[in-house]
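Participant: turn this into a model:
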Amino acid sequence: MPQAVPHTDIRTDGWVARLPESVQPYVLLARLDRPVGTWLLLLPGVWGIELAAGRSQEQRWELILLFAIGSLVMRSAGCVVNDIWDRDIDAQVARTAGRPLASGRVSLGNALVLLAGLLLIGACVLLTLPFLCWWLAPLALVLVALYPAAKRVTWWPQLVMGFTFGFGAPMGYAAAGEKIDLPCLLLYVGTILWQLGFDTIYGFQDMDDDARIGVRSTSRLWAQQARGFIACCYLFATAFFFLAAFIARLNWAFWPVAFVATLMLGRQIVSLRTDRPALCLKLFKNNVPYAMMLALAFALGRYWA
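Facilitator: Predicted coordinates for the structure are as follows:
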């Protein structure tokens, strides 16, 4: 009887397989083969850029391009930091045992060199942004550095991830509006709750291994009330997004598109099955088109005449 293949999101085929073997582990370490995380970091920044007032559309496109570059390198840097922290844990989890650091394909020293290069590129992007973003950036770096430790001390590492990954929202708003105000804060809170929801779905893939090795997670904490918990996260996130749009005085075009986006979240809740890792990964990835739809809603709400 053939042996079951462990569930994993690591892919070594496709365009990665055509790269030199010496390069492949670094591409995998930086997650360049899996752009979902980059999108989930970038799109809240786009929400912030489109929600804020005071910039022309041409200037906003320039900011979005800068944020795209910054999101790519900072998400990769975050993955390197995470894998450095978790290399011993990853080696014990079926889904992550093949990661370059956990498997020994990349040394700790080389991972640190890659991290330094990514942070240097990120710093260059930061220098092109308004001065307020310079003040916010150190806080973002602290969150990136500390997030991997959360699972060792709290049952809420997914919430810490929301604060970390969601930081693009206030950064985008500050870059476009050069201020931090109530709509910005509401957008950030909504982003944190949304990311708490989808990262909890993502964590359902690892519950058995996490329980075996003693890793805490929001997914394990709420496994018995998973659908209700995710529904609450998404419901309150949507409420904060809508309130931010209302206070920022977006026009009527925001609302029908945002409603369609909300239905996309509802479909995730209905479809959720915590005992099906592949489905959980699919639902997690579905947050990219949701975030794109909400970005469209913010853009139309700001500019539709």
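Participant: all strands of the chain, in order?
Facilitator: Applying DSSP state E to the chain gives no strands.
Participant: for it, longest helix please?
Facilitator: In the chain, assigned by DSSP state H, the helix with the most residues is helix 57-90.
Participant: surely residue 201 meets residue 277?
Facilitator: No. Using CB atoms under 8 Å, residue 201 makes no contact with residue 277, being 10.6 Å away. For glycine as for every other residue, the C-beta is placed from the backbone atoms N, C-alpha and C.
Participant: out of the two, which sits in the busier spot?
Facilitator: Taking other CB atoms under 10 Å, residue 201 and residue 277 do not tie; residue 201 has more neighbours (25 against 21).
Participant: show me where the stretch 101-250 of the chain has its helices.
Facilitator: Taking DSSP state H, counting those that start in this stretch as the criterion, the stretch 101-250 of the chain carries its helices at 108-126, 131-146, 150-153, 157-165, 168-177, 182-203, 207-213, 218-221, 226-247.
Participant: dump the ones you listed into CSV; add mean pLDDT as well.
Facilitator: Shown next, in CSV, are these (pLDDT from 0 to 100):
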stretch, mean pLDDT
helix 108-126, 94
helix 131-146, 88
helix 150-153, 80
helix 157-165, 91
helix 168-177, 96
helix 182-203, 97
helix 207-213, 79
helix 218-221, 92
helix 226-247, 97
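Participant: looking at those helices, which is buried most?
Facilitator: Burial of those is given as mean neighbour count (mean count of other CB atoms under 10 Å); helix 168-177 ranks first at a mean of 26.
Participant: which strands or helices does that one pack on?
Facilitator: With contacts defined as 3 or more CB pairs under 8 Å, 6 or more residues apart in numbering; DSSP states H and E, helix 168-177 has these neighbours: helix 36-51, helix 57-90, helix 131-146, helix 182-203.
Participant: can you show me the CA trace of the first one as PDB?
Facilitator: The one in question is helix 36-51. C-alpha atoms of helix 36-51 as PDB (Å, rounded to 0.1, in the frame of the first residue of the first chain):
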ATOM      1  CA  VAL A  36       0.500  34.900  -1.400                       C
ATOM      2  CA  GLY A  37       2.200  36.400   1.700                       C
ATOM      3  CA  THR A  38       3.500  39.300  -0.300                       C
ATOM      4  CA  TRP A  39       0.000  40.100  -1.600                       C
ATOM      5  CA  LEU A  40      -1.300  39.900   2.000                       C
ATOM      6  CA  LEU A  41       1.300  42.300   3.200                       C
ATOM      7  CA  LEU A  42       0.900  44.700   0.200                       C
ATOM      8  CA  LEU A  43      -2.800  45.000  -0.100                       C
ATOM      9  CA  PRO A  44      -3.500  46.500   3.400                       C
ATOM     10  CA  GLY A  45      -0.900  49.100   2.400                       C
ATOM     11  CA  VAL A  46      -2.900  49.800  -0.800                       C
ATOM     12  CA  TRP A  47      -6.100  50.100   1.400                       C
ATOM     13  CA  GLY A  48      -4.300  52.700   3.500                       C
ATOM     14  CA  ILE A  49      -3.000  54.600   0.400                       C
ATOM     15  CA  GLU A  50      -6.500  54.700  -1.200                       C
ATOM     16  CA  LEU A  51      -8.300  55.500   2.000                       C
END
